[in-house]
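In: A structural model of the following input is requested.
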Amino acid sequence: MQLGPFPLAELRLDRLAAVWPEASPLLCLAGTGRYAIVALCWREVPWSEVATRPVTGAPLDAATPPFIRGYLGLVPYDLYAPKRAGDVPAEPRVFRVEQALVHDRQAGLLHVTGAPVTGLGFTQVDAASIAAALVSPHGTMVPTGDALTLIPGGSDDAYEQLVRRVLEDIRAGRYYQLNLLRYFRVEQRPGRGWIGARLGRFGGDFTAWFSLPDLQVVSFSPERFLRCANDDTGTLVHAFPIKGTAARHLHDPDLDLAAASALQCSTKDRAELHMIIDLMRHDLYGASVPGTVRVLHAGRLLSLASVHHLEAEVCATLRPGITIGALLAAVCPGGSITGAPKQEVMLAIRAYEDRPRGYFMGHAFYAADGGGFDSSILIRTLVQQGAGSFEYAAGGGLVIGSDPVGERREIAAKSRVVTLP
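Out: Here you go, the predicted model:
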């Protein structure tokens, strides 16, 4: 039976949470771009099944949803980062999706793509009932709920002292920039209704929500990592590193404009971004046709619900036949959440943070059967493993001009996706 497309102006994640079967896992990539994807019928598969697939760009036909069947997945930071003896690294989680809801915001349509498959360990929900509930005009808005209470792993003084240690290493010439995370335990146990409503209010362009029996990853990420597209020369890969942060002043337009202007003129923040642009150029070179790496934009303003950022764009033509695994091995972990020079910085990060990062600063992706790969960096992310507490992590790129107090305040600004009432 053919279903849809259904008219739907907005895919509200609070509505999705309300109509989704409580016992069913949920896989959702639903940022603020043109498309959002919700898996309806899927099974978990080994990482090798997608890692060995050749990278192919998205089809040029914009009238067709970019995802009919394919894969959704999570790749942890630790897969490509240095490890210590005794570390228990997080593993990639990959799901073969045979049927999905794909919401086209531009057209205002909800598509049901693919077809359900039974057996072979598939999990599925009823497409017709979910689609009908989402397009029903009688749904109610779920309140965003109380703000979360974040309990830091160490005191403010301890964090600022750690920043000073990093700055001493920078002055000594060990590296130029290092991304340092601050980890928080979440006092509450947010339910799906709260998560869906909160993502709807504060979710970035690359919101990801993986709700599994043994893992929850809830990402408010504004940062696209890699997107692959076709042109006359072959398959292009675009990277979109973000650097620089200014808290927004949404109740005072003049202050908000001043904050955005100051960020765009900031020598320190521009330096942060340009270092990572150079690093991404280097990383993409290892996966690309020689002579094709280029910078399309050296820093534009990206304004989100709670902060402003600077975003760059670097592009290259991929080597013919390169696999997804080989592409990620060349560029992971992302430059914006490591630093420069990358290998030395990753060793230092593991020592400073004194723990594996797991899914924090990893990425979420889709790889479509018809061609197309798109992914995000898992920043502004909540993670719950097993029956443990939720954790949250936020950080920033430290350079010689960084100020410990300013860096702590920047982390507070980046945490407002869960701490604002």
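In: which strands and helices sit next to the longest helix anywhere in the chain?
Out: The longest helix of the chain (DSSP state H) is helix 267-285. When contacts are defined as 3 or more C-beta pairs under 8 Å, 6 or more residues apart in numbering; DSSP states H and E, helix 267-285 sits against strand 177-186, strand 234-239, strand 242-247, strand 294-303, strand 307-317, helix 324-331, strand 339-340, strand 391-398. Every residue, glycine included, has its C-beta placed from N, CA and C.
In: Least reliable of those by average pLDDT, please.
Out: In terms of average pLDDT, strand 242-247 trails the rest of the helices and strands packed on helix 267-285, at a mean of 88.
In: Convert that strand to CSV, retaining C-alpha atoms only.
Out: Included here for strand 242-247 are C-alpha records, laid out as CSV according to Å, rounded to 0.1, in the frame of the first residue of the first chain:
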residue,chain,number,x,y,z
ILE,A,242,32.8,25.9,13.6
LYS,A,243,34.9,28.1,15.9
GLY,A,244,34.2,31.2,18.0
THR,A,245,31.2,31.7,20.3
ALA,A,246,29.2,34.7,21.5
ALA,A,247,26.2,34.4,23.8
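In: which element follows it toward the C-terminus?
Out: Using DSSP states H and E, the next helix or strand after strand 242-247 towards the C-terminus is helix 253-265.
In: Please list the residues outside that next one that contact it.
Out: Helix 253-265 is contacted from outside by 244-250, 269, 299, 301, 303, 308-310, using C-beta atoms under 8 Å, 6 or more residues apart in numbering.
In: one more time with 6 Å
Out: 244, 246, 248-249, 269, 301, 308 (C-beta atoms under 6 Å, 6 or more residues apart in numbering).
In: next one: stretch 294-305
Out: Residues outside stretch 294-305 that contact it (C-beta under 6 Å, 6+ apart): 202, 204, 222, 260, 264, 273, 277, 309-315.
In: Out of these, which comes closest to residue 5?
Out: residue 204 (26.0 Å; C-beta to C-beta).
In: That closest one against residue 223, yeah?
Out: No. Residue 204 is beyond contact range of residue 223, at 7.4 Å (criterion: C-beta atoms under 6 Å).
In: could you dump the contacts of stretch 294-305 to TSV with distance to residue 96 and neighbour count?
Out: Listed next are the contacts of stretch 294-305 as TSV, based on distance: C-beta to C-beta, whole Å; neighbours: other C-beta atoms under 10 Å:
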residue	distance to residue 96	neighbour count
202	30	18
204	26	26
222	28	28
260	42	19
264	43	16
273	37	23
277	35	22
309	34	23
310	37	25
311	32	20
312	33	22
313	31	19
314	31	24
315	29	22
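In: out of the residues you listed, which one sits closest to residue 344?
Out: Nearest member of these to residue 344, counting by C-beta to C-beta, is residue 277, at 18.7 Å.
In: list the contacts for residue 39?
Out: By C-beta under 6 Å, 6+ apart, the residues touching residue 39 are 27, 72, 97, 100.
In: Could you rerun that using 10 Å?
Out: 25-29, 67, 70-72, 95-101, 114, 123-125, 210, 366 (C-beta atoms under 10 Å, 6 or more residues apart in numbering).
In: Grab the nearest non-local neighbour of it.
Out: Among residues not flanking residue 39 along the chain, residue 27 sits closest, at 4.0 Å (C-beta to C-beta, 6 or more residues apart in numbering).
In: Would you mind confirming that that neighbour makes contact with residue 73?
Out: Yes. Using C-beta atoms under 10 Å, residue 27 is in contact with residue 73, at 9.1 Å.
In: can you list the weak-confidence ranges in this structure?
Out: 1-2, 60-63, 138-145 (pLDDT under 70).
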